[in-house]
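J.: Here is the input, now give the coordinates:
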Amino acid sequence: MLPGDVALARAVNERTVVVSPTQPRVVPSDGELRRAAAILNAGRRTTILAGAGVGDAHDDVVALADRLAAPIVHTMRGKDRIEFENPFDVGMTGLLGFASGYRAMDSSDTLLMLGTDFPYQQFYPQDAKIIQVDLRGEQLGRRTPLDLGIVGDVGETARALLPLLDGDKNRDHLDDARDHYAKTRARLDDLATESRGDRPIHPQYVARLVDELASDDAVLIPDVGSPVIYAARYLHAGGGRRLIGSFTHGTMANALSHGIGAQKAFPDRQVIALSGDGGLAMLLGELLTLTQHRLPVKVVVFNNSSLNFIELEMKAAGFVNFGTELKNPDFAAVAEAIGIKGIRVERSADLRSGLADAFAHPGPALVDVVTERDELSIPPKITAEQVKGFTLYAIRTVLSGRGDELLDLATANYRQLF
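T.: Next comes the predicted model:
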């Protein structure tokens, strides 16, 4: 083996075979590239949807967006690949996204999908021409009808397309999308502030401070459920940071388990698990794994005493909350009892110092943050059926003698509702 070469040696018929990693080039044919260029040159409002398949082609995609005057919408798995150092990024779309990403796609006449199998069909534009580029041919056209499907590496395809594209695109669509993103981003940031009075802490504020205090090369891992929403909207990833999670399978209680694996793989990097209280309770024994293996994972618990994401889905479907309330212990006390530094935070004013102390601790640490149960996470596109369902939920809640829950809901969300 050559020094520094990553290789696998195995015995085959009593001789050693060295298998080195390969770097194949998967480039579309000239005809496919010309067809793609013709569609893109004819488009007046092109938007790029970029996913995890962008890989290391960040700069190539940004250059392509510049030539096309195209805003870039990213998926959750593409967030740490393309969002950073990208003047054309306008946020996410889909159930976890927000208005600017949805609008940039909905208003486009041409959509260029790069390395993504984005599953939410209701968020695709209705009348746009669509090109999809993916290494996996079986993904082409799986979610939405295509005008052109191309098997190819994103970076190779972007570099090959660039000289075929017109360079004098009108930038009105891009400028409009960026302006809308700036306004949307400001509204989201307004939600990530300290709570008033004795109200529980806004989960947006927790995510914002985690983002500010985490190291530049941190591995950030949100639980499926409401933590993943706030990770999508408030954590900055890419560059040296990674954002990982169960974004394909949607497996509950993934954050701590993934954190254990990430810390073993990268012992010198900061690993932060953003756990829901329901997720942590499901795999509470994994805290013992941290002490057993001396893993310095930092666990931030969004403790809203509920299966919060399930409650949101129930509200949208018209159901009164049932079976979602959690009777939680003091998770910080539980952590201390098994040898983990535990910090309990119940007031916004104490959150920054609590997180800073935990992140500076050399061993495992857990911050139990009491967050607002009634916080609404509003998706970028609300259907008439969801409005009908929420109205039905409100009526049923009042008729069941639980009108105080609606008052709490309005109090918690006055910044979003009014």
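
J.: Every contact and neighbour count from this point should use C-alpha atoms.
T.: OK.

J.: Strands along the chain, start to end?
T.: Listed in chain order, the strands of the chain (DSSP state E) span 8-12, 15-19, 46-50, 72-74, 89-92, 110-114, 129-134, 148-151, 219-222, 242-243, 271-276, 298-303, 341-345, 365-370.

J.: could you give the mean pLDDT of the fourth one?
T.: By that I understand strand 72-74. The average pLDDT within strand 72-74 is 97.

J.: by contact count, what packs against it?
T.: When contacts are defined as 3 or more Cα pairs under 8 Å, 6 or more residues apart in numbering; DSSP states H and E, strand 72-74 sits against strand 46-50, strand 89-92, helix 99-106.

J.: so which of the ones you listed is the most packed in?
T.: Greatest average neighbour count among these goes to strand 46-50 (a mean of 30), per mean count of other Cα atoms under 10 Å.

J.: Who are the packing partners of that strand?
T.: strand 72-74, strand 110-114.

J.: Columns mean neighbour count and distance to Gly261 on top of those strands, output as TSV?
T.: Output for the helices and strands packed on strand 46-50, formatted as TSV (neighbours: other Cα atoms under 10 Å; distance: least, Cα to Cα, whole Å):
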stretch	mean neighbour count	distance to Gly261
strand 72-74	30	26
strand 110-114	26	29
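
J.: before we move on, back to that, can you say which of the strands of the chain is nearest to Gly259?
T.: Nearest to Gly259, of all the strands of the chain, is strand 271-276, at 5.9 Å by Cα to Cα.

J.: isn't Asp109 right next to Asn41, touching?
T.: No. Asp109 is not in contact with Asn41 according to Cα atoms under 8 Å; the separation is 11.6 Å.

J.: how about the CA coordinates for the longest helix along the chain, as CSV?
T.: Using DSSP state H, we find that the single longest helix of the chain is helix 172-191. Only the C-alpha atoms of helix 172-191 are listed here, as CSV (Å, rounded to 0.1, in the frame of the first residue of the first chain):
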residue,chain,number,x,y,z
ASP,A,172,-35.3,40.2,-11.8
HIS,A,173,-36.4,36.7,-10.7
LEU,A,174,-33.2,36.3,-8.7
ASP,A,175,-33.4,39.7,-7.1
ASP,A,176,-37.1,39.3,-6.2
ALA,A,177,-36.3,35.9,-4.5
ARG,A,178,-33.4,37.3,-2.6
ASP,A,179,-35.4,40.3,-1.4
HIS,A,180,-38.2,38.0,-0.3
TYR,A,181,-35.7,35.7,1.5
ALA,A,182,-34.2,38.7,3.4
LYS,A,183,-37.7,39.6,4.7
THR,A,184,-38.6,36.1,5.5
ARG,A,185,-35.3,35.6,7.3
ALA,A,186,-35.9,38.7,9.4
ARG,A,187,-39.3,37.5,10.4
LEU,A,188,-37.9,34.1,11.4
ASP,A,189,-35.2,35.8,13.4
ASP,A,190,-37.8,37.9,15.2
LEU,A,191,-39.3,34.6,16.6
